[in-house]
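Engineer: just coords:
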């Protein structure tokens, strides 16, 4: 169980588990229930307890689409700036494409998961997709990716 707690700045925070899925059947077209998704990166982050899944979706879209030079400018300015920059660097080093319309994110906290599809005008709540592949980001998945990169 993930109990909310008070941060050092006096804000009630809770741990969110964020999983990013790319739609392998289409890009730039809205997600449909029969589309296949593959998990491309995961992230755990303490955020204010009242953060909505849609706010996390907007943050993810920003992090996985913004130029690294722009994210680098935020390093050291906030606690999140450094983490955001390093996460975006990892995403790009893994050669992930931009987060786009048709992709899906899963936001889990307190054992409740909200699924969101990236639409042309924001995020749409969806039921749990049935056709999913991929694994969470682990040392083993990074090592496997690096081995494949060397082979190319």
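Structural biologist: All right, it came through fine. All of these numbers come straight from a predicted model, not from anything done at the bench. Residues are numbered from 1 along each chain as shown.

Engineer: CA atoms for contacts and neighbours, from now on please.
Structural biologist: OK.

Engineer: The closest residue to residue 74 other than its chain neighbours sits in which helix or strand?
Structural biologist: Nearest in space to residue 74, with sequence neighbours left out and distances taken as CA to CA, 6 or more residues apart in numbering, is residue 81 at 5.0 Å. Using DSSP states H and E, residue 81 maps to helix 79-93.

Engineer: Identify the residues contacting that helix?
Structural biologist: Residues from elsewhere that reach helix 79-93 (CA atoms under 8 Å, 6 or more residues apart in numbering): 41, 63, 64, 68, 71, 72, 74, 75, 76.

Engineer: For burial, what's the neighbour tally of the fifth one?
Structural biologist: By that I understand residue 71. 19 (other CA atoms under 10 Å).

Engineer: In space, what's closest to it - neighbours in sequence excluded?
Structural biologist: Using CA to CA, 6+ apart, the closest residue to residue 71 is residue 85 (5.5 Å).

Engineer: and that neighbour, how many neighbours does it have?
Structural biologist: 23.

Engineer: With residue 64 as the reference, measure out to it.
Structural biologist: 10 Å (CA to CA, to the nearest Å).

Engineer: what's the neighbour count on the nearest residue to residue 104 once chain neighbours are set aside?
Structural biologist: Nearest residue to residue 104 in three dimensions, chain neighbours excluded: residue 117, at 4.4 Å (CA to CA, 6+ apart). As a burial measure, residue 117 scores 25 neighbours (other CA under 10 Å).

Engineer: tally of neighbours for residue 142?
Structural biologist: Neighbours around residue 142, by other CA under 10 Å: 14.

Engineer: and the helix or strand harbouring it, what's its mean pLDDT?
Structural biologist: According to DSSP H and E, residue 142 maps onto helix 139-151. The pLDDT scores in helix 139-151 average 78.

Engineer: how about it: buried residues?
Structural biologist: Neighbour-count burial for helix 139-151 flags residue 141 (criterion: 16 or more other CA atoms under 10 Å).

Engineer: quick one, that helix and helix 79-93 angle?
Structural biologist: 50 degrees (axes from the mean of the first three to the mean of the last three CA atoms, to 10 degrees).

Engineer: For this structure, just list every one of the helices.
Structural biologist: Assigned by DSSP state H, the chain shows helices spanning 53-63, 68-72, 79-93, 139-151.
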